[in-house]
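In: Have a look at this prediction, sequence included:
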Amino acid sequence: MSDTNVKETAEKKSSPKDIKVNTVEPKGMGVKKKRIVGAIVKNTVLAILAVIWLIPILWLFVSAFNVDPGINYAHFFPSKGWTFNNFIQLFHANSAVMYVRWFLNTLLIAFFSCIISTVFVLMVSYAFSCCRFEGRKGLMSLSMVINMFPGVLSMIAIYFIMKTIGLTESHVGMVVVYSAGSGLGYLIVKGFMDTIPASMREAAKMEGASELTVFLKVILPLCKPIVVYQIISSFLVPWGDFVFAKLMLGHDVKNFTIAIGLYGMLSKENLPRYFSQFCAGGILISIPISILFIIMQKYYVEGVTSGSTKG
Amino acid sequence: MKKRIVAVMMALTMCAGALAGCGDGGNAGNGGEAAGGDSSSAGSGDALQSLIDSTEGTVKLTVWASDVTEAQDLTQELIDGFKAKYSSVDFDITLGAESESTAKDTVLTDVTAAADVYAFADDQITELVKAGALQEVSMGYTYDVKAANASGAVDAATVDGKLYAYPMTADNTYYLFYDKSVFSEDDVKSLDKMIDVAGAAGKKIGFEFGNAWYLYGWFAGAGLDAYLGSDGNTNVCNWNSGAGPDVAQAIMDYCAGGVLVNSTDDGSSVTGVKEGTYAAVVNGIWNSPQFQEAWGDNFGAAKLPEFTANGNTYQMNSYFSCKLVGVNPHSENVGWAMVLAEYLTDESAQVKRFEKVGWGPSNSKAAASDAVQASADIAAISAQTVFAQPQRIGGYFWSPAATLGSALSSGDLGGKDIQSLLDEAVTGITAPAE
Amino acid sequence: MGKTGVKEAARVKEPKKRKLLSESAFIRYFRDIGTAVSKGDAAVKLSMIIMGAGYVARKQVIKGILVTLVEALYILLLVVWAIPNLSKFSTLGTVQLQMVFDPATGKNVVNDYDNSFLILIFSIVALVLLAVFVLYYIHNLKAVYKIQLRAEQGRHINTFKEDLKSMVGDKFHITLLTLPSLGVILMNVLPLFVLVAIAFTNYDQQHMPPNALLDWVGFDNFKTLFSRGGLTVSFGYAFGKIVSWTFLWAFLATFTCFIGGILLAQLINSQGVKFKKMWRTLFIVTIAVPQFVTLLLVRNFFREDGIVNTLAANSGLIDFLKNIGLVKSSMNAIPFLSGRSVGWAKFMIVMINIWVGVPYQMLIATGVLMNAPQDQVESARIDGANKWQIFWKITMPYILVVQGPALITDFVRNINNFNVIYLLTQDLYTTQDMAMANSNAKEVDLLVTWLFRLTNEYYNYKMASVIGIIVFLICVAFTLVSYARMMRGGREEDYQL
């Protein structure tokens, strides 16, 4: 794609932005009433959906306060009484359950792999969306093809490759496992970058900005909503993966991530004694992630306002 | 470095010699084994002393034990005891967690990275030996493994006549748990009687029909076979012949009555007992504490009951398996790994294990102790052991048998008759392995 | 509407000759090598041996040294590590592991054996490194020749500083892509090659390195799959059933979540909804708890003896369902996931997947909708279009363009959606179909979960690789076709104006 073409069309497009926005004014009370009814309906639907979505979480929550340590399929609410003990137990490490240790391990792995993944994805997305170079489309198709390969099947191969580099039984290795291939997941962010007018980049370059400056100062601020998505989803991976972690991380209990640890609580011997603690552990995981999201929400809103200035 | 090369060359000559001497690879191991056997009978104390003498520097060992808290604690305690016992040697022993039931999967993924000493369930032993993941127990450094353990446990640790592991427990089987306030000790001898009593009391009896492990007990009770054939790959199964269809019909009839019900899994069994729905359930020792808690003083355990099929009475059988401790031949310190494995499985360790973790000993003397004998679970297990077979079955058994049990208990055979359903299941179970 | 004009403009930009161009580029690539070799001066020719020579001759000393260092490192790696492994690649090793135990020293004496699997992996790593090196070598040769031309024409030759600067300028894409590409090669490409190689060996439970040696068997495994009826007694039957469910599932899972996410995002964003942040956070909470925790809970929820069934029995729902024929009269519980009713299980899995997937899609859709072209929406509103028309005529096409490629990857990801299926059905779902059971398969299995079980329980790596490759090829074909269709006319630039 030649640059001149893009520029030309960009100029063509720039005309509609002069059109003044004329919102249709509500006429009379009828519309207002309709709007109120609509709002009530919408809020009710949302409330119902939220309840459906939250019921399993609620079960998780109440199970975490169950006096009975084992699983009970017959009751929603604890039948033997409530206790805060399951949470307290989690903070008293024993030789098989070291929740705090696992939590910190996972937090550390998640933090670094989240940063690397997000940076990788943004880098690849920018290169594919905003740079024009020979073989770009070929490379994009190739990445898509490679991304299609089910990781579960190549686990042993990955294990032995990591072992050769000496990265098994190490947290650094886990960060590598979770983040090294992340560049392949560029599609969503790239799709988003595609919607940012090229004219903005051209303008910045006209003023002498390098590609790096354009990337950091022009494109990145506009991508906040999708960066939020990317950060959250890559931060989540280490908390939920037990297949790779079990294989890579060895057997020392204090090196476990939360996922292997919690999954171990569900074994035949452990389930009757640790189910309630398992639930408590599951809830505690959601705290850092929810906090992350609440912090990130700010940028979501910023995304709205900055997005509206672009047209 | 030079020393190592010499050693390797020596080993190679030995191998070559053995191969040339016997001309047939199958017998190659026998020469070495005979030598090992000699030293064992000559006096294991000497071997241990020479091991201590020849040890230089730090001995690094890793141990994998069950991820159950008490088992981890106990193993750590035993490791400390081991270090104290051989204080002249500098040990660096790390303990890891790996459930016995999944040890094989982890070990086989990368034998060279697996622990030097690891615990596993005996049904995995054939595959572990085949993959070269178990060091043959050719001699005992501190005690004679074969003599010290119950013969069933030794058999469970033996493949092709060679001992490959150290028995640790002998309790992995299923038996009957029941509520003494509902059943008398006499009632639980017969399933028919139990169903009458439970039905009258408005209670149910849980059995995991959808689990091939449990289902086996019915067919084996009627004298039918399901075991791994001599080629080590293909299963032998004759459930579709002889009394097989009768047993299948009996399961369907029992379940249709609504008192004997299909319990989905462990969780269902435990929930059923806790909720008071089940007055009896077939399960294993790992859930015994749950049942004891639920029933309190009315907790009872017994061997499995008799059932009737087509007018004949059969004693329900079960699978019996042990937990074993194995030594990884890829260990840098096989000798010390063997000594440690012995330490983890000797009489005093097994007694401690029963006291702290509640696992039934395989060591004959440990099993004879008063504390062990007083346990209702152990009594039930030893009564059931008479009617139990070692769990030696290939992977193709599980899925078809589970489907068979599930279909029979639901009474929905998908439009087939019993005979053709059994035929199909047996075809799947006995399918030639790749 | 303003949209059509934009589309036309986009179509004009894309030259039809692309295909031809890229083919000639392929030929040009090799012609350029020839030119560089034949017309290069002494410095360029010296670069064929000492790669940095061409730069040093043009006073690019630092670059020259760096390039030569890389070359030296490569050669060292090749000699010390790659060649020993590659030399055994054709046989995958010949020395069988042998051990002799010495009770006195307590050591196993091991011979210097070959580990076939490590030889296989290392050889592939070596081959990939070699391929990268060759490409780099050629690139270098051309670059050196180009500098020679520039020098001859008296044009400016970049200093090292200027070279560095171009890495954030017109060569920025190289800077951006280098590290991610290395990661992808390590984590995706190498394992993929290893797996392809395994498909041509006899790696199974009878042949497990290091205890046994592997051998190449050519296409034998592929022949086994297609000629002798395959792995298990009812392989063909199970394979057919699983493939068709895999695709049906991928389709349902992708589109239900996609549409659901957009609708939810629209609903939260729409006028009159209060506390938008709170609603969004509520749905995010379900993401915040790891999938395996929630899925394990949800599946217990829907057990035959679970809470939902207890409620359904008490409320008479089960009787109602029996009356209308949705539950067989012989059953005393709704067979949500137990396998007694395949239809129920498939329905439940799709529904639970909606539960899992919609919040994610909502997150993405919210982000995408925020960047939606407001001017078009406004002009449509002026034209008198109502909200539904605006949504279907403007917002939806926009989302489809932005998310189209992601939708394809989602589809493929769902084909390989291990977690949801495995966690919801493992140990809980028992198939009632003996033919499926005989292949160790369940009606609700996807190809990956089935494969996982085959490898994990039977260590049949060779056949898993074969089937993995076939699945992969199907996915690739599907994606390339739909992606090409989607990309036709350079639609990615529709909105990038």
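Out: Arrived safely. Remember, predicted model here, so these are calculated numbers, not experimental data. Numbering: from 1, shown residues only, chains lettered A, B, ... in the order given.
In: helix/strand/coil for the closest residue to chain A within the stretch 301-450 of chain C?
Out: With C-beta to the nearest C-beta as the measure, C:Gly367 is the residue of the stretch 301-450 of chain C nearest to chain A, at 3.4 Å. To be clear about C-beta, it is placed using only N, CA and C from the backbone, and glycine gets the same treatment. For C:Gly367, the assignment made with DSSP: H, G, I helix; E, B strand; the rest coil gives helix.
In: Now do the nearest residue to B:Glu127 once chain neighbours are set aside against chain A, distance only.
Out: Spatial nearest neighbour of B:Glu127, chain neighbours left out: B:Lys104 (6.0 Å); criterion: C-beta to C-beta, 6 or more residues apart in numbering or on different chains. Counting by C-beta to the nearest C-beta, to the nearest Å, the separation of B:Lys104 from chain A is 14 Å.
In: Helix or strand for B:Lys104, just tell me which one.
Out: helix B:103-109 (DSSP states H and E).
In: chain center to that helix: distance?
Out: Distance of helix B:103-109 from the chain centroid (C-alpha atoms, centre = their mean, to the nearest Å) equals 16 Å.
In: can you list contacts of the helix or strand following that helix?
Out: Using DSSP H and E, the helix or strand that directly follows helix B:103-109 along the chain is strand B:117-121. For strand B:117-121, contacts defined as C-beta atoms under 8 Å, 6 or more residues apart in numbering or on different chains pick out B:61-66, B:98, B:100-101, B:103-104, B:107, B:128, B:165, B:168, B:172, B:321-328, B:331, B:337, B:340-341, B:344.
In: Alpha carbons of strand B:117-121, in PDB - could you do that?
Out: Output of strand B:117-121 as PDB, limited to C-alpha atoms (Å, rounded to 0.1, in the frame of the first residue of the first chain):
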ATOM      1  CA  VAL B 117      12.400 -41.500  45.300                       C
ATOM      2  CA  TYR B 118       8.700 -41.300  44.600                       C
ATOM      3  CA  ALA B 119       5.400 -42.800  45.700                       C
ATOM      4  CA  PHE B 120       2.900 -44.200  43.300                       C
ATOM      5  CA  ALA B 121      -0.100 -46.500  43.200                       C
END
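In: so what strands line up beside that strand?
Out: Sheet pairing for strand B:117-121, assigned by DSSP bridges, gives strand B:59-65 (parallel), strand B:318-327 (antiparallel).
In: From the chain's centroid, how far away is that strand?
Out: Computed by C-alpha atoms, centre = their mean, the chain-centroid distance of strand B:117-121 equals 11 Å.
In: For the closest residue to chain B within the stretch 51-200 of chain C, give me its contacts.
Out: Using C-beta to the nearest C-beta, the single residue of the stretch 51-200 of chain C nearest to chain B is C:Gly106, 1.5 Å away. By C-beta under 8 Å, 6+ apart, the contact set of C:Gly106 is B:Leu51, B:Ser54, B:Thr55, B:Asn333, B:Val334, B:Gly335, B:Trp336, B:Met338, B:Val339.
In: thinking again about what came up before, quick check: the residue nearest to B:Glu127 touching B:Val129?
Out: No. Applying C-beta atoms under 8 Å as the test, B:Lys104 and B:Val129 come out as separate, 10.9 Å apart.
In: ok, for the residue of the stretch 51-200 of chain C closest to chain B, nearest residue in space, not its chain neighbours?
Out: Setting aside the residues directly before and after it, C:Gly106 is nearest to B:Gly335 in space (C-beta to C-beta, 6+ apart), at 1.5 Å.
In: Let me know the pLDDT of that neighbour.
Out: The score at B:Gly335 is 93. That number is its pLDDT.
In: what does A:Lys298 give?
Out: 73.
In: where does the residue nearest the centre of chain C land on pLDDT?
Out: Geometric centre of chain C, nearest residue: C:Arg413, 7.3 Å, by C-alpha atoms, centre = their mean. Looking at C:Arg413, its pLDDT is 83.
In: The one 4 residues further on now?
Out: What the model reports as pLDDT for C:Asn417 is 87.
In: one step back: ok, the residue of the stretch 301-450 of chain C closest to chain A - how many residues close by?
Out: Neighbourhood size, C:Gly367 [other C-beta atoms under 10 Å in any protein chain shown]: 26.
In: State the distance from the residue lying farthest from the centre of chain C to C:Arg381.
Out: No residue in chain C sits farther from the centre than C:Ala104, which is 52.9 Å out by C-alpha atoms, centre = their mean. Counting by C-beta to C-beta, to the nearest Å, the gap from C:Ala104 to C:Arg381 is 92 Å.
In: now swap in C:Ala199 and tell me
Out: Noted for C:Ala199: a distance of 57 Å to C:Arg381, by C-beta to C-beta.
In: Can you pull out the low-pLDDT segments for the chain?
Out: Defaulting to chain A. A:1-29, A:300-311 (pLDDT under 70).
In: Please refer instead to chain B.
Out: B:1-45, B:433-434.
In: which residues does the closest residue to C:Ala151 other than its chain neighbours contact?
Out: Residue nearest to C:Ala151 in three dimensions, not counting chain neighbours: C:Arg58, with 5.7 Å by C-beta to C-beta, 6+ apart. C:Arg58 makes contact with C:Ala43, C:Ile147, C:Gln148, C:Ala151, C:Ile157, according to C-beta under 8 Å, 6+ apart.
In: Inside strands: which ones of those residues?
Out: Among these, no residue falls in strands (DSSP state E).
In: In helices, which of these fall?
Out: Using DSSP state H, the subset of those located in helices is C:Ala43, C:Ile147, C:Gln148, C:Ala151.
In: tell me which of these is nearest to A:Ile188?
Out: Among these, C:Ile147 lies closest to A:Ile188 (C-beta to C-beta), at 40.5 Å.
In: Fine, thanks again, bye for now.
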